[in-house]
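Asks: Return a 3D structure for these sequence lines:
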Amino acid sequence: MAKKSAGILPYRRRGDRVEVLLVHPGGPFWTRKDDRAWSIGKGEYEDGEDPFQAALREFLEETGHRPTGSFVELTPRKQPGGKLIRVWAVDDDWDLSGFVSNTFAMEWPRGSNTTRAFPEVDRVDWFDTVTAVAKIVPGQRGFIEELHERITGRRLGGAAPAGA
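Replies: Numbers count the residues shown, from 1 in each chain. Below you'll find the predicted structure:
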């Protein structure tokens with residue numbers, strides 16, 4: 001059975017721009033990575049678990065924030081590795097000063113028999129949608145593109161959708 005994840009994509013409007021909140025994974029493998037390393041705040045859920053409730057739980061664990069507002073489900077997307085991701089967007093202009101992430105433990109450095117704790121997410125930030133598609137892991141770009149088009153009526157880059 002393929003793994004499944006659910007996440008929350010907060011957004012806000014800044015004049016005619018749309019900005020989205022992305023999370024940067026913590027841990028030693030991601031420390032020096034930036035472009036194509038950021039993600040939607042999300043996590044895996046089990047069969048029988050409500051995906052939306054899992055998305056809220058995972059976002060809270062990764063950021064310390066529980067978004068409020070009217071949530072809109074975006075089109076689910078299968079990632080290159082086969083994982084299915086479901087995402088809900090919400091207009092939630094969150095002040096990032098309250099950011100706090102849960103942690104995970106791993107042996108580091110490898111082979112050292114030393115276990116260290118790392119934050120699951122080491123940074124959160126707002127990005128305009130053009131910058132966000134450069135920052136986010138490639139398999140999640142479609143969520144940002146879809147949200148941008150829903151809010152502005154234009155595809156990223158300014159073109160109107162086909163048939164508009």
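
Asks: from here on, contacts and neighbour counts on C-alpha atoms
Replies: Noted.

Asks: how close does the residue most central in space within the chain sit to residue 71?
Replies: Centroid-nearest residue in the chain, with C-alpha atoms, centre = their mean: residue 40, separated by 0.5 Å. As for residue 40, its distance to residue 71 is 15 Å (criterion: C-alpha to C-alpha, to the nearest Å).

Asks: next one: residue 42
Replies: 15 Å.

Asks: For those two, indicate the residue with more neighbours.
Replies: When residue 42 and residue 71 are compared on other C-alpha atoms under 10 Å, the one with more neighbours turns out to be residue 42, at 24 against 17.

Asks: per-residue confidence at the residue nearest to residue 84 when sequence neighbours are not counted?
Replies: Residue nearest to residue 84 in three dimensions, not counting chain neighbours: residue 78, with 4.3 Å by C-alpha to C-alpha, 6 or more residues apart in numbering. Note on residue 78: pLDDT of 96.

Asks: can you count the residues close to residue 108?
Replies: Around residue 108 there are 15 other residues, counting by other C-alpha under 10 Å.

Asks: who touches it in this structure?
Replies: Taking C-alpha atoms under 8 Å, 6 or more residues apart in numbering as the definition of contact, the neighbours of residue 108 are 114-116.

Asks: ok, those vs residue 25, which is closest?
Replies: Distance ranking of those against residue 25, using C-alpha to C-alpha, places residue 116 first at 15.7 Å.
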